[in-house]
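In: Sequence and predicted structure below; questions after.
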Amino acid sequence: MLKQRVITAAVLLLIVAVCLAAPGRWPFALLITVFISLGAWEWGRLSGLPEGAARTLGLGFALVGAAAALLGWPTRAPEAHSNGWALAWAVYLMAWLLLAVLALRGGVPAWQAVAADSGLGLARRLAGLVVLGAAWAAAVQVFAHGVYFLLTLLALVWVADTGAYIAGKSCGQKFFARKLAPSISPGKSWEGVLGGMLAVLALAAACLWADGHVPAAWGKSFYGVAAQQWGVAALVPLCLLLAAMSVMGDLLESLAKRAAGMKDSSQVLPGHGGVLDRIDGLLPVLPVGALLVALS
């Protein structure tokens, strides 16, 4: 299993590196389209659609995303620096936070009750597709701002996951008797969440230092741009919020899987499960990067 995980991760990293280094923005946009389309297929399965309908959903996303990429939408991504985009992303993020809190508070019983109601079930399926579409648009806009900016934002989720894993394994339930969400994801602890938050703060500090040493052509990291826009003091609550949002994204996918009786969203990534299993924490974080791009 470990060998399989390593091979899959190595292949994915190679593909991502090639797309990031390729001239133009469309190779990366097409790569994101593939990931989001697979995520749409998995979401269809998790939300109770028959396999054929779920595949059609994924194919539809693929066609729309590929058409947008090939017709040049990514080349117009720099136009995202506007008050209109900033307002759109701010409204979207507030709606995401509200709905995420409501879903997590309701837990598995409420999730299954929604699935049993045709109208509410359809609304939730559509909401999931909006989240995936927003992640696609946000990723393209963030990439247009710079590879260094994008990678330092993506690193937030990876570092938060790693910090949470280490803290959870070494300190889990030593300070907090109750686990984070035992009915949704029994392995997660409050100690893990705090460990992830501390790791993200350390990442932000490291990136601020690195901003003064990397080539000027790289621009600033996500944290450098955020500090420039909102002040260094604002980085602390921002990092804590983003770390929490990445955990919420993870929990939402775990909630959907538990309600559907599935261990993984799919087996499309050998050793890793499905695409949603890999990007769940990124889905709410990427739009924050897009919001910062719009404001900068």
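Out: Structure's in. What do you need?
In: The closest residue to W26 other than its chain neighbours in helix, strand or coil?
Out: Using CB to CB, 6 or more residues apart in numbering and skipping the chain neighbours, the partner closest in space to W26 is A69 (4.8 Å). Bear in mind the C-beta positions are built from the backbone N, C-alpha and C, glycine included. What DSSP: H, G, I helix; E, B strand; the rest coil gives for A69 is helix.
In: quick one: A69 from L31, how far?
Out: 9 Å (CB to CB, to the nearest Å).
In: Counting neighbours, go ahead and name the busier of the two.
Out: More crowded of A69 and L31, by other CB atoms under 10 Å: A69, with 23 against 20.
In: and that one, what does it touch?
Out: W26, A29, L30, T33 (CB atoms under 8 Å, 6 or more residues apart in numbering).
In: Quick check: it vs P287, distance?
Out: A69 is 19 Å from P287, by CB to CB.
In: Equivalent analysis for L240, please.
Out: In terms of CB to CB, L240 sits 17 Å off from P287.
In: Neighbour count for these two, which is higher?
Out: P287 (25 against 17).
In: for the strand or helix carrying the more buried one, packing partners?
Out: Element membership for P287, per DSSP states H and E: helix 282-295. Contact partners of helix 282-295 among helices and strands, from 3 or more CB pairs under 8 Å, 6 or more residues apart in numbering; DSSP states H and E: helix 83-116, helix 118-145, helix 147-171, helix 222-230, helix 235-260.
In: S47: which of those is closest?
Out: helix 118-145 (4.8 Å; CB to CB).
In: Buried residues of that closest one, list them for me.
Out: Using 16 or more other CB atoms under 10 Å as the test for burial, helix 118-145 gives 121, 124-125, 128-129, 131-132, 134-145.
In: show me where pLDDT drops low in the stretch 1-150 of the chain?
Out: 1-2, 73-81 (pLDDT under 70).
In: you'd agree M248 is up against L104?
Out: Yes: with contact defined as CB atoms under 8 Å, M248 reaches L104; the gap is 6.7 Å.
In: what about these two, which has more around it?
Out: M248 (21 against 17).
In: And for the closest residue to the more buried one other than its chain neighbours, the neighbour number?
Out: Excluding its sequence neighbours, the residue lying closest to M248 (CB to CB, 6+ apart) is A100, at 5.0 Å. Using other CB under 10 Å, A100 is surrounded by 18 other residues.
In: and if you look at L97?
Out: If we define neighbours as other CB under 10 Å, then L97 has 15 of them.
In: gap between the spatially most central residue of the chain and L242?
Out: What sits nearest the mean C-alpha location of the chain, by CA atoms, centre = their mean, is L282, with 1.2 Å. Here L282 is placed at a distance of 11 Å from L242 (CB to CB).
In: Ok, A234 next?
Out: Taking CB to CB, one finds A234 at 12 Å from L242.
In: go on, G128?
Out: Relative to L242, and taking CB to CB, G128 is found at 21 Å.
In: Not counting sequence-adjacent ones, nearest residue to M245?
Out: Nearest to M245 is P284, by CB to CB, 6+ apart, at 4.4 Å.
In: Could I get the contacting residues of that neighbour?
Out: Contacts of P284 by CB under 8 Å, 6+ apart are L93, W96, L97, A100, V131, M245, S246, M248, G249.
In: Name the SS class of Q267, please.
Out: coil.
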